[in-house]
Every structure is written in structure tokens, then in C-alpha cells.
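Chemist: A structural model of the following input is requested.
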Amino acid sequence: MGATVSPHAYVGPTEGPSWPLLLSMATAAAVVAALLIVLALTGQDVAGPALSAVLVCWLFLPYVAAGLIAWKRRPESRLGRLMVITGFLTAISFLVWSSHPALFSIGNAIQFLPPALYLHLFLAFPSGELRSRGDRWLVGAAYAAIGLTLLRMILGEGDSRNLLTWVDEPDVVAVLRTLQRVTVSALLIFGAIRLIVRRRHEGKPLRPAIAYLEDTFPVVLFMLAWLYLVQVLGWEEWLPPTRWATFAIVGVTPVVFLVALLQASLKRASAAELLVELGVNPGPGELQEAVARALKDPSAALAYWLPEFDSYADVEGHQLQLDDGPGRARTPIARDGVPVALILHDAALLHEPRLLASIAAATGMTIQNAQLQVELRARLQELRGSRVRILQAEQRERRRLERDLHDGAQQRLIALSMALGELEDRFDGDAELGDRIEAAREEVTASLAELRDLAHGIHPAAVTDHGLAVALETLATRAPIPVQVVGAPRERLPEQVELAAFFIVSEALANVAKHAQASSAVVELQKTPELLVVEVSDDGIGGVTADAGAGLRGLADRVEALGGRLRVWSPVSEGTRVRAELPCG
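Modeler: Residues are numbered from 1 along each chain as shown. Coordinates of the predicted model:
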């Protein structure tokens, strides 16, 4: 099974903007801000010039500043460049305040461009790329709506400053203006709904700043849509406060984004320090806990690639079937350029590709010891699994042999005994022949009894058919010494557990009869939600060990294959106690 990497995962550093370019763009932003302040204070149709100057700077400068920082720190993402473009084009749209015809015409032509840019920016967060065809269609429609502005200008919208006026059709212009505002409002509302649905699907981001940032996206789009609808409805008294409130909220978004960038930087530093404190040989569990703390994601886990098993395993060595569910993602870890593990984490961390990359790199430098331990644990798991499979195969074979004996040889012996009985009736007058037939019937009966005992020892059908309690009581009644059964559970347990308990008692009682010289024995069972404890004790001569015979060693193997434990206490002259603990939860 190979590792899959999210398309939004960090793909490595690319070349960012040079410092001279950054300084040039920052200087350009300052010049544009100064120009807009002058236009606001000297313009003829600007309501509240001072407040308008402050708000327009608040509207575009944070986007340019945040975009330049993001572009420098995350050159692999297009988001920073998109924020810079959004900031500058938003500022240019306010050239409608200018009395110069060329500047006015440029500003008026792109007055509907900022809403389309905000829609594009928010839907493209955090990679800077639109994720789906629906997003691309939505943003494309928003950009296409700008064409109606050019058509309105050609039809004479505006005053003498409009350089694109071709004909004067004020009624058509009014209809187109209303259509454009309604269309853009609808697209913004659809975009906000898509962001809300995406947020519900992906879950809440792990970092508060990212959560607040994503919360502002639909709010901004709804406010912009409401601003255009207020103009369509002609609610002039609502227009100024709605405009100022919308501008204020739009400017908050890049500020929150800058806070998120700062948090990411602090987290990368603390994550590196945390992993350094682990040393060079952390254990699997210790390393996983460190990664989860560094990512601030309690659900984060490590999956180790085991070439020997051609699969991934968790820290305990259990093989994993990787299947990314909703809200989950994975990031590969490499050592010396070779993929060795995956970080399984919350999909919200895809917003922080560099954090994931730094954690993966630091983990790759300290993962060798943990990987070896996981590989050893996987081998132990495989060994336990193979023992269980051998035990299951043995039980299937025992059941087959018991069935073959019952349906084959046993039935033939019964038929032979019945035939001898009929033959004895036919030669009732011949005493010598009758005695010989009777002796033969007794031999057949004895053979049948031995065969039944053999079949019962191969696979105790009483356990399968009637349960452990009935089978143990039957076993006790057939023992050569008095045996007391205490606490046998009446409810059915897993078949493997019942069979193991029966064979333990059977072998222990057989040893008591053969070697213990005991006068009595006690079989005691205790059932808990997790364990079935089986204990067989006698009052014999003692002196037995778990390794003294193949029978007890075989029982120990059977118990250990089920994840349990078998212990024997047998002090000389004080009897023997065999105790088995069998997991049954």
C-alpha cells in the first residue's frame, strides 16, 4: 500500500519575491494610499472625506501588507500574490473620486472587480487555487459580470469624465446597473453558502486564528451582497452605514490572516524544540505523543511503513488499512529520502503546510528507533496471529476427526453389535457359539466405548452442543475421584475460550488421576467481563511443574495463543494447583 498525499500538502520551497521587489511594492502601496487620501479630501462627490480616506486605506493596505508577507513566507502558495493583487485593484477602483477623465474611467470600469476578487480569494484559501469546478464557475461568473460595467459606460453612464461614452441610453443603463448588482449579490451569497458548507464538511480548524479567519469569509461576502441589495432597493438612508460597516469588516480579514501567520511561526518553533527534547531514540508511543502535541492535534497518529508486511502499522504493530475519512488527511515522513511513515492528522492542518513539513522533517530524523520497535511489535503480532490460526486449524481438524469417527467407525461398530445380537438369537441352541458371540459383542461394546472416549478427547461435542458448564459437569462425573465444579458460567462464551477451558480441566484431571495420588479435586471458574479464570486443584503429592510434561506445555501454548497465561503451583506434599487466565472480552 503506498502513501497518498493531499493535493494541498506542502510540496517544498519555491523562490519567493526578492527584497527589492517587496520594497518596491510596499512603496507603491504607500504612494497609492497617499493619492487616494488626496482624492478623498479634494473630490467633489466624496461623502465624509476624512472618514472615506481612512476607510479606503484600511480597505486595501492590510491586503497588500498581508499578501507581501505571505508571498515571502509561503512562496509555494498563490494566496499571497492574490492578496496583493486584490489590495491594489481595490485601491484602483476608488479612482472614481478623481476629476481626471482617464483616472475616473479606469476606476469606474473596475468598480465591480473587488467583490469578484474577494470571492476568488476566500474560495481559494489557503492554497491560492480554486478547489472545484463549482468554485471556478462561480468565480468566472463574477469576473464576467464586470463586462456589464463596460457596456453601461458605452451607453453613457456617468458624467463628462466617462471616456467610453458612445451613446446616451440612461434607461438601459439603469436596467443594466440593477441587473449587475442583483447578479453580483447572488454570486456572493452562493459563495458564502459554499464556504459555510465547506466549513461544516471539513470541521473547525485547530488553530483559533484560522477559525476566526474562515468565519469572516462568509460574513464579508454577505455584507457585500447586502450593500448592493441596499442600492437596488433604493434605501438611501441605509447606504452610508452599510458601506462603512462593510469596508471595516473587509479590512479585518487580512489582519486576522497576519495573526494566523504569526501563530504558525510560533508553533513551528515550539514544535522543533519539542522534538529536539526527545533525543535521538524516542519510542513509538513517545514520538506519537510528541507529534500530536506539536501539531496541537490530539487525534494525530503515526503509521509506520513495514516493507516486510507490505502494509502500514500503528505504534503497537497492528496492521492498518488506511482510509481517509471526512476531516482526515495524511502527510508522508521520509528518512534519507525514503518514505518510512505517515502522519495521520486532522484535515484542518492542511492550512499549515509548512508546519506539517517541519514536523515531518524533524520526525524523520528521530524515527529510526521507533520504526524498529514497531517492526518488532508487528512480528510479535504476526507470531500471535499465526499461533491463533494454528489453533483454529487444529480445532477444525479435531472437529473433522470427531465427526468422521462418529459417522464412520462408530456407526459401523454399532451396526456390528446389532448384527452379532441378531446372530446370537438365530443360534440360541448352541451354547458354545452363543458364548463366543457374546464375547465378541462385549469386545465390540468395549471398542465402541473406547472410540467414544477417543472422539470425545479429540473434540468435545458436549462443549459445542451444550456449553462449558454441562461439559465440565460430565467430565467431573466420569473422573475416578470425587471432583467438585464451582462457578461454571451458564452463558455461552467464545468457542475457542470454552474449548481451551475444557481441555485445561480435562488434562489437569487426567494428571491428577495418573500421578497425583489425590483423594479429591476442585474445579473453580471465575468469570469477569474481560477474563475467564479456570483453576484446578487437588490434595495429592504435588511436585509438578509447567514444563514437566507435554500435556501441560501444550495447554500453556493453547492459553498463550489466546493471549492468556497458565501457571502451576505444586509444592511437594501439598497438592497441585493449575490456574489459567483466558481473555474473553
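
Chemist: Tell me the spacing between the residue most central in space within the chain and A186.
Modeler: Central residue of the chain (C-alpha atoms, centre = their mean): R328, 4.9 Å from the mean position. For R328, the distance to A186 (C-beta to C-beta, to the nearest Å) stands at 34 Å. Placement of C-beta: from N, CA and C, glycine included.

Chemist: repeat for V374
Modeler: From V374 to A186 the distance is 54 Å (C-beta to C-beta).

Chemist: in stretch 61-72, what's buried?
Modeler: Using 16 or more other C-beta atoms under 10 Å as the test for burial, stretch 61-72 gives L61, P62, Y63, V64, A65, A66, G67, L68, I69, A70, W71.

Chemist: Tabulate those residues in CSV, adding columns for distance to R293, secondary structure and pLDDT.
Modeler: CSV is the format used below for the buried residues of stretch 61-72 (distance: C-beta to C-beta, whole Å; DSSP: H, G, I helix; E, B strand; the rest coil; pLDDT from 0 to 100):
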residue, distance to R293, secondary structure, pLDDT
L61, 37, helix, 92
P62, 33, helix, 91
Y63, 34, helix, 91
V64, 36, helix, 92
A65, 32, helix, 90
A66, 29, helix, 88
G67, 32, helix, 88
L68, 32, helix, 90
I69, 27, helix, 87
A70, 26, helix, 83
W71, 30, helix, 85
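
Chemist: wait, doesn't W226 sit right on R243?
Modeler: No: counting by C-beta atoms under 8 Å, W226 stays clear of R243, with 10.4 Å between them.

Chemist: rewinding a little: between V374 and A186, point out the one with more neighbours.
Modeler: V374 (27 against 15; other C-beta atoms under 10 Å).

Chemist: Quick one: mean pLDDT over the helix or strand encompassing that one.
Modeler: Assigned by DSSP states H and E, V374 falls within helix 368-407. Mean pLDDT, computed over helix 368-407, is 63.

Chemist: And stretch 255-275, by the same measure?
Modeler: 63.

Chemist: go on, stretch 189-201?
Modeler: pLDDT averaged over stretch 189-201 gives 88.

Chemist: can you list contacts of that stretch?
Modeler: 119, 122-123, 134-135, 138, 142, 214, 217-219, 221-222, 225, 326-327 (C-beta atoms under 8 Å, 6 or more residues apart in numbering).

Chemist: Swap in 10 Å and give it another go.
Modeler: Here stretch 189-201 makes contact (C-beta atoms under 10 Å, 6 or more residues apart in numbering) with 115-116, 118-120, 122-123, 125, 131-132, 134-135, 138-139, 141-142, 205, 211, 214-215, 217-226, 229, 326-327, 347-348.

Chemist: So which of those sit within helices?
Modeler: 115-116, 118-120, 122-123, 134-135, 138-139, 141-142, 211, 214-215, 217-226, 229 (DSSP state H).

Chemist: Buried subset of those residues, written for ChimeraX?
Modeler: Applying 16+ other C-beta under 10 Å to those, the buried members can be selected in ChimeraX as follows:
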select :115,116,118,119,120,122,123,135,138,139,141,142,214,217,218,219,220,221,222,223,224,225,226,229
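
Chemist: Pull the number of nearby residues for the nearest residue to the residue nearest to the centre of the chain once chain neighbours are set aside.
Modeler: Distances taken as C-beta to C-beta, 6 or more residues apart in numbering put A347 closest to R328, at 5.9 Å, once the chain neighbours are dropped. Per other C-beta under 10 Å, the neighbour tally for A347 reads 20.

Chemist: what about A347, distance to G364?
Modeler: 22 Å.

Chemist: what sits against the residue nearest to A47 when sequence neighbours are not counted?
Modeler: Closest residue in space to A47, ignoring its immediate chain neighbours: P240 at 6.5 Å, by C-beta to C-beta, 6+ apart. Going by C-beta under 10 Å, 6+ apart, P240 touches A47, G48, L51.

Chemist: secondary structure element for P240?
Modeler: Using DSSP H and E, P240 falls in helix 239-277.

Chemist: which residues touch L35?
Modeler: A91, F94, L95, W97, S98, L103.

Chemist: quick one: buried residues of the helix or strand hosting the last one?
Modeler: Looking back up the chat, that one is L103. Using DSSP H and E, the element containing L103 is helix 101-109. Neighbour-count burial for helix 101-109 flags L103, F104, S105, I106, G107, N108, A109 (criterion: 16+ other C-beta under 10 Å).

Chemist: What helices and strands are in contact with that helix?
Modeler: Here helix 101-109 touches helix 19-42, helix 79-93, helix 147-154, going by 3 or more C-beta pairs under 10 Å, 6 or more residues apart in numbering; DSSP states H and E.

Chemist: How far away from the center of its chain is that helix?
Modeler: The gap between where helix 101-109 is centred and where its chain is centred comes out at 53 Å by C-alpha atoms, centre = their mean, to the nearest Å.

Chemist: Tell me where the model's unsure across the stretch 201-350 of the chain.
Modeler: For the stretch 201-350 of the chain, applying pLDDT under 70 flags the ranges 203-209, 261-281, 324-326.

Chemist: cool, the stretch 401-550 of the chain as well?
Modeler: 401-417, 419-435, 437-438, 441-462, 545-550.

Chemist: Distance from stretch 143-153 to the middle of the chain?
Modeler: For stretch 143-153, the distance to the chain centre is 47 Å (C-alpha atoms, centre = their mean).

Chemist: Outside of that stretch itself, list whatever touches it.
Modeler: With contacts defined as C-beta under 10 Å, 6+ apart, stretch 143-153 is touched by 105, 108-113, 115-117, 119-120, 157-158, 162-166, 169, 172-177, 179-181, 183-184, 186-187.

Chemist: just the buried members of these?
Modeler: By 16+ other C-beta under 10 Å, those give 105, 108-113, 115-117, 119-120, 157-158, 162, 164-165, 173, 176-177, 180-181, 183-184, 187 as buried.

Chemist: Name the SS class of F309, please.
Modeler: Here F309 takes the coil state, with states given by DSSP: H, G, I helix; E, B strand; the rest coil.

Chemist: That one touches R377, doesn't it?
Modeler: No: the criterion here is C-beta atoms under 10 Å, and F309 misses it with R377 at 11.5 Å.

Chemist: if I look at these two, which residues touch both of them?
Modeler: Common neighbours of F309 and R377 (C-beta under 10 Å, 6+ apart) are G317.

Chemist: any idea how far F112 is from G67?
Modeler: Taken as C-beta to C-beta, the span from G67 to F112 is 21 Å.

Chemist: likewise V175?
Modeler: Taking C-beta to C-beta, one finds V175 at 16 Å from F112.

Chemist: And for P75, the neighbour number?
Modeler: With other C-beta under 10 Å as criterion, P75 counts 15.

Chemist: An error on my part: the question was meant for S573.
Modeler: Using other C-beta under 10 Å: S573 sits among 8 other residues.

Chemist: Can you check my assumption that it lies in a strand?
Modeler: No: counting by three-state DSSP, S573 is not part of a strand but coil.

Chemist: Kindly list the main-chain dihedrals of it?
Modeler: phi 70, psi 10 (degrees, to the nearest 10).

Chemist: Now do the contacts for it.
Modeler: By C-beta under 10 Å, 6+ apart, the neighbours of S573 are G540, I541, G542, G543.

Chemist: go again using 6 Å as the cut-off
Modeler: S573 makes contacts with G542, as judged by C-beta atoms under 6 Å, 6 or more residues apart in numbering.

Chemist: what do you get for P480?
Modeler: Contacts of P480 (C-beta under 6 Å, 6+ apart): A513.

Chemist: check which helix or strand covers it.
Modeler: Short version, using DSSP H and E: P480 is in no helix or strand.
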